[in-house]
Structures are given as C-alpha cells and as structure tokens.
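Undergrad: pasting the structure only:
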C-alpha cells in the first residue's frame, strides 16, 4: 500500500453472556458503559475508514461508537471450532488431552475443527493488506489486536499472546513507509 496508515484498534464491549465461555460470533455486546463509549467516540479520528469483525459484539460496539464499519472476516476472532459455545471449566474437566495439549502451545495449537493463533495472525496480515493510506478505526477482538501487535512488532505468535487487551480499550499502531510504530496498547480512554 502507498502512503502511511494510522490504525485505531478498539476491542469490543464486554460480551453480554456467561463469563468463562468461548463465545460464538452471535454473542451480543454489553453496551452499558456509556461513559467509556462516549470517551472512545470523542478520541476517534473523524472521516476515518471504519472496519469491524463481522461478529455481533463488534458490530454493536462499532454502531454504539457512531461508526458504520465495513465488515472484514479477516479481522474475526480466532476460530475455536468445536469448543465454541462451551465453558473453559467444562472443557478443562472433559476436554481431555486435546484441551491440555492446546494450552501447552496456544500459539500453534488448534482446537478440534478450529484454527491456531498463528492462523489468525496470517488472516489479520491479509486484512491489513486491504487497508489503504490514511486513518482507520477497527472494532475487533482481543486476539485480533494481539495478532496486529505480533505483526507490528515482528514478534513470535507465542510472545504476542502475552498482551492484555481489555474490553473497550484502544490500541494505536501506524504502518509507516519505514515499518511499523506502536503508539499505545490497551489504553483506557476517559
């Protein structure tokens, strides 16, 4: 891509559902934190391109921020396959060797019929290739933001999984002619 790109990555609002669950794409967002949403809305660039994962929680969060994003499947959360919709404590008790093995190497491990974090990084890289110069907001998932940081900082996927990315936090990265720049990670605005 020609020119510089300034990315404003926002993790979606908390999921309105049971904690500890690997939520499906249709899980709704809890948009009750009006002050945080307003603070984020005020700090976003005007007239920026807007993108989101097609998941319900990211689309609802984007609209609560006053955005009408283009939906980009490449920015979806890691696909946990057969484990989607299940609770971590249940999987730990009944998931057997596959669940234990996954957590021994979560960057390369694949849930049954799912994808690895390495796969997600590759998808996000392809998604970034489609974003042109200028400012862009992306309302996405914690895994998507970790993948973006993996790309920007040229980290191993295993190292990128160490980042904490809270709901309704802002991460700022820029794609410059000379490489990437990280402005902030997991910033709480407001």
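TA: Everything's here; your move. Small disclaimer: the values here were computed from a predicted structure and weren't measured.
Undergrad: center of the chain - which residue?
TA: residue 141 (2.4 Å; Cα atoms, centre = their mean).
Undergrad: which non-adjacent residue is nearest that residue?
TA: residue 77 (3.8 Å; Cβ to Cβ, 6 or more residues apart in numbering). Every residue, glycine included, has its C-beta placed from N, CA and C.
Undergrad: what score does the one you found have for pLDDT?
TA: pLDDT recorded at residue 77 is 97.
Undergrad: that one: which element?
TA: Using DSSP states H and E, residue 77 sits within no helix or strand.
Undergrad: follow-up on the earlier one: right, and the residue nearest to the centre of the chain touches residue 55 too?
TA: Yes. Using Cβ atoms under 8 Å, residue 141 is in contact with residue 55, at 7.1 Å.
Undergrad: for these two, list the residues in contact with both.
TA: The contact sets of residue 141 and residue 55 overlap at 12, 76, 77 (Cβ atoms under 8 Å, 6 or more residues apart in numbering).
Undergrad: nearest to residue 173, of those?
TA: Minimum distance to residue 173 across these is 17.6 Å, recorded for residue 12 (Cβ to Cβ).
Undergrad: please name the residues that touch the closest one.
TA: By Cβ under 8 Å, 6+ apart, the contact set of residue 12 is 29, 53, 55, 57, 58, 60, 61, 139, 140, 141, 167, 168.
Undergrad: among the residues you listed, which ones are in helices?
TA: Mapping the contacts of residue 12 onto helices (DSSP state H) picks out 57, 58, 60, 61.
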